[in-house]
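Asks: sequence first, predicted coordinates after that:
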Amino acid sequence: MEDKAITPSLNNNSTQTDTVSILKVWGKQPLQGHVRISGAKNSALAIMAGTLLCPQDCRLRNIPDLMDIKRMCQILEALGVKLQRQDDILEIDASSVGCSQAPYELVSQLRASFFAIGPLLARLGIARVPLPGGCAIGARPVDLHVRGLQAMGANVRIEHGIVHANVKGGRSRLQGASIYLDYPSVGATETLMMAATLAEGETILENAAQEPEVVDLANFCRAMGAKIRGAGTNTIMIDGVPRLHSVDYTIVPDRIEAGTFLVAGAIAQSEISLSPAIPDHLTPVIAKLREIGPEVVMDSPNRMRVIPRPLQATDIKTLPYPGFPTDMQAQFMALLTLAEGNSIITETVFENRLRHVAELNRMGADIRIKGQNAIVRGVPMISGAPVMATDLRASAALVLAGLAADGMTIVKGLHHLDRGYDGFENKLRQLGARLERVSVQADENNSISSNSAQTITSLG
Ligand code: EPZ
């Protein structure tokens, strides 16, 4: 599902003005210094949906500033929620959730809006949420969410692309149930955990996702008075309570942003530090980085530093947490294009998340795809080229490749980057990278017309 521009300022497919934003990245600039890591996007989105469970106001801190958060705010407002944002603080008042239908035109821009279905059903006994479509990385079905809600006593039917759910038999509340998830889906675990907080009786989620964002959501719900045990393991127990109360909660740092900057230091052969970051959330990422060569040291409990070393090939297989995260696969592939030797990267979580291979090969990488495997033959150098981002993490990976490339790289498809990274290019610029976001005329096939580049001052 392609994002459609809603605010031309931050999206680069706004057909109204026929211009697109591109990012020019000059390679081989050494990096140095320290970068601040923002709050976790994938925690914040789920927790924002979780505020629908609460009949009083909630305060969320450390909320990142990115397009997906803006879209989730719009979806909550459309449901009758009142929001106020002040810097990284979000005041949310869901006391009068007036409507149980999230609007399609907003849901179609943000898959994570589907997280609203569990809380709406638990709070109101009814929910109508448009079926989130697939996206660049896969079909993204929600069958595990639906089957779990049905096990908890919901009628769920899908009509004209809308998921209609209501509590069966005139009951006002969902019923606790024992649910086995065929796959440890992050989203399904979060939907069902939120729905269970207000259900009658106990819910047991088996083969549950163990990601840190699931734990953060559980801690948020517990801070509102929910009774949840086992979050972070593969079995989560929830005892339903009649109602929840106000909370002031701080989101965890974004482990994927932190991992992305560790790779930035490694690929630019530069020593940089970052904070805040929770090392336990990055165990597989740090272990794999060390296997490749760079060292990662802790300067303090939440401040880490990457020390560059010559890069050695290795194999990577993405898995549910605590395995290697799929959201770091593209970034590590960019790094391994320059490693000594051959690496095999296997993507097991999403069926179509190797589309950045073609773009990296345009830069001189030597990668072949066999099924869900990418065979990366290390090359001594890659060169700058015009490349197109295909999903959120691929966009970051192409910028990282640009940092190491010989010459200038032009990255298109920046709406992906703006969706999921808080000021990515400014943070890199503060470390010494040379990047410039440029607005150019897009001709009919949306290619970049060479003589129309008009540099806008780099986003300060
Ligand atoms: C979350 O997506 C994250 N998004 C993704 O981050 C992340 O890559 C993914 O978890 C895995 O860690 C948010 O939290 C907003 P899943 P989610 O349900 O919940 C299949 C990023 O870049 N599946 O764990 O959608 C599904 O098709 C994004 O920040 C079903 O078959 O991931 C996929 O193959 C990308 N049926 C696998 O499970 C279902 O009902 C993992 O999906 C649900 C999922």
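Replies: Thanks, I have it.

Asks: these two touch, right, Ile204 and Leu192?
Replies: No. Using C-beta atoms under 8 Å as the test, Ile204 is too far from Leu192 to be in contact (10.3 Å). Quick note: C-beta positions are derived from backbone N, CA and C, even for glycine.

Asks: overlap in contacts, the two.
Replies: Common neighbours of Ile204 and Leu192 (criterion: C-beta atoms under 8 Å, 6 or more residues apart in numbering): Ile179.

Asks: the more surrounded of those two?
Replies: Leu192 (28 against 17; other C-beta atoms under 10 Å).

Asks: sec struct for the nearest residue to the more buried one once chain neighbours are set aside, please.
Replies: The shortest distance from Leu192 to any non-neighbouring residue, by C-beta to C-beta, 6 or more residues apart in numbering, is to Gly148 (4.2 Å). Three-state call for Gly148 (DSSP: H, G, I helix; E, B strand; the rest coil): helix.

Asks: ok, now how distant is Gly148 from the ligand?
Replies: Per C-beta to the nearest ligand atom, to the nearest Å, Gly148 is found 9 Å from the ligand.

Asks: touching, that residue and Ile179? I think so.
Replies: Yes. The criterion here is C-beta under 8 Å, and Gly148 meets it with Ile179 at 4.8 Å.

Asks: for the residue nearest to Leu192, give me its contacts.
Replies: Contacts of Gly148 (C-beta under 8 Å, 6+ apart): Ala177, Ile179, Leu181, Ala188, Thr191, Leu192, Ala195, Leu205.

Asks: of those residues, which is the nearest to the ligand?
Replies: Ala188 (4.8 Å; C-beta to the nearest ligand atom).

Asks: burial count for that closest one?
Replies: Neighbours of Ala188 under the rule other C-beta under 10 Å: 26.

Asks: that one contacts Leu181, doesn't it?
Replies: Yes. With contact defined as C-beta under 8 Å, Ala188 reaches Leu181; the gap is 5.9 Å.

Asks: that older thread, list residues touching both of Gly148 and Ile179?
Replies: What both Gly148 and Ile179 touch, as defined by C-beta under 8 Å, 6+ apart, is the set Leu192, Leu205.

Asks: and the gap between the closest residue to the ligand within the chain and Gly125?
Replies: Per C-beta to the nearest ligand atom, Gly187 is where the chain lies closest to the ligand, at 2.8 Å. Note on Gly187: its distance to Gly125, by C-beta to C-beta, to the nearest Å, is 22 Å.

Asks: what about this protein, any weak spots by pLDDT?
Replies: 1-17, 98-100, 134, 443-460 (pLDDT under 70).

Asks: go with 50
Replies: Within the chain, the segments meeting pLDDT under 50 span 1-15, 444-445, 449-460.

Asks: how about the residues of it near the ligand?
Replies: 42, 45, 112, 138, 140-145, 183, 185-188, 209, 211, 213, 326-327, 349-350, 392-393, 420 (C-beta under 6 Å from any ligand atom).

Asks: just the buried ones from these?
Replies: Neighbour counting with 16 or more other C-beta atoms under 10 Å marks 42, 45, 112, 140, 142, 144-145, 185-188, 209, 211, 213, 326-327, 349-350, 392-393, 420 as buried within those.

Asks: ok so, going back, what's near enough to touch the residue of the chain closest to the ligand?
Replies: Ala112, Phe114, Phe115, Val142, His145.

Asks: 10 Å instead, please
Replies: 42, 45-46, 111-112, 114-115, 118, 132, 140, 142, 144-145, 209, 214 (C-beta atoms under 10 Å, 6 or more residues apart in numbering).

Asks: phi, psi of the residue lying closest to Pro308 once chain neighbours are set aside?
Replies: In space, and not counting its chain neighbours, Pro308 is closest to Gln269: 4.4 Å by C-beta to C-beta, 6+ apart. When quoted as degrees, to the nearest 10, the phi and psi of Gln269 stand at phi 50, psi 40.

Asks: how about the one 5 residues further on?
Replies: Note on Leu274: its backbone torsions stand at phi -150, psi 150 [degrees, to the nearest 10].

Asks: burial of it, as a residue count?
Replies: Residues near Leu274, counting by other C-beta under 10 Å: 27.

Asks: thinking it is in contact with Val297, fair?
Replies: No. Under the criterion of C-beta atoms under 10 Å, Leu274 is not in contact with Val297, lying 11.8 Å apart.
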